[in-house]
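> next come a sequence and a model predicted from it.
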Amino acid sequence: HHLRASEESVYREGVVTEKEAREGTSWVNIGLKSECLVSSSLQPGLRVTVRLPEGYSWDKLIKGTIVSPAEPRTEGGLYWGYTTRIASTLSQVFTGCPHKGGYDIMLGTSEKGTNVEETEIKGFQHLLVVFGGVAGLEAALEADDKLDATDPAELFDLYLNVCPDQGSRTIRTEEAILVTMASLRDKIVRANCPST
């Protein structure tokens, strides 16, 4: 969803600028040669998703509409990235699900999990991938008095080691995200697009 200026799309991510605008409007930098005018008075620095009119022209005043960050995916059928949320306890990971039907697959990551290469993923609408901190999901489970499980593997549909033989004691979360998503990519594609 990070479009180049030369790529056309009616959806763009942007940041509200400090450029002065009429009352009830704001200017948004959407990565094009000119800024976009929206009919909302917004705080500068706010990240927004903008829908542009069909056939907009870069060399003229662009007027857009602020929309939900989910709209490019739900209405436009576009890949628009993944979402993250922070949970202060492990139990909140499960109770704070934003989807009405919950998660179809809940996946925990741990060096104590099953080798990712030995696992297949079934089709899903909503996949949850959980990363532990430096001490792992084991420490998160131990610190959460609302969960009865004794092993974090009991909480997940899949409990995977995405970096077998990692060669270091820990992997930083920002590294684990990249390793995990790369390890799961082909499995996710196969699960949701069986013909590929």
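The structure has been received and is ready for your questions. Numbers count the residues shown, from 1 in each chain.

> all strands of the protein, in order?
Assigned by DSSP state E, the strands in the chain fall at 11-16, 26-29, 36-38, 47-51, 62-67, 105-115, 127-130, 158-161.

> turn those into a markdown table, including distance to residue 147 and mean neighbour count.
Where C-beta positions appear, they are placed from N, C-alpha and C, glycine not excepted. Shown next, in a markdown table, are these (distance: least, C-beta to C-beta, whole Å; neighbours: other C-beta atoms under 10 Å):
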| stretch | distance to residue 147 | mean neighbour count |
| --- | --- | --- |
| strand 11-16 | 36 | 20 |
| strand 26-29 | 43 | 22 |
| strand 36-38 | 44 | 21 |
| strand 47-51 | 34 | 18 |
| strand 62-67 | 37 | 18 |
| strand 105-115 | 12 | 19 |
| strand 127-130 | 13 | 19 |
| strand 158-161 | 15 | 22 |
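
> mind putting the ones you listed into a markdown table with mean pLDDT?
Putting the strands of the chain into a markdown table (pLDDT from 0 to 100) gives the following:
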| stretch | mean pLDDT |
| --- | --- |
| strand 11-16 | 95 |
| strand 26-29 | 96 |
| strand 36-38 | 96 |
| strand 47-51 | 95 |
| strand 62-67 | 94 |
| strand 105-115 | 93 |
| strand 127-130 | 93 |
| strand 158-161 | 94 |
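
> how about those, which one is nearest residue 175?
Minimum separation from residue 175 across the strands of the chain (C-beta to C-beta) falls at strand 105-115, 11.5 Å.

> quick one: closest of the strands of the chain to residue 140.
Short answer: strand 127-130, nearest of those by C-beta to C-beta, at 8.7 Å.

> so which elements touch the closest one?
helix 90-95, strand 105-115, helix 173-192 (3 or more C-beta pairs under 8 Å, 6 or more residues apart in numbering; DSSP states H and E).

> how big is the angle separating the last one from strand 105-115?
What that stands for is helix 173-192. Interaxial angle of helix 173-192 relative to strand 105-115 (axes from the mean of the first three to the mean of the last three C-alpha atoms, to 10 degrees): 110 degrees.

> from the helices and strands packed on strand 127-130, which stretch is densest packed?
strand 105-115 (a mean of 19; mean count of other C-beta atoms under 10 Å).
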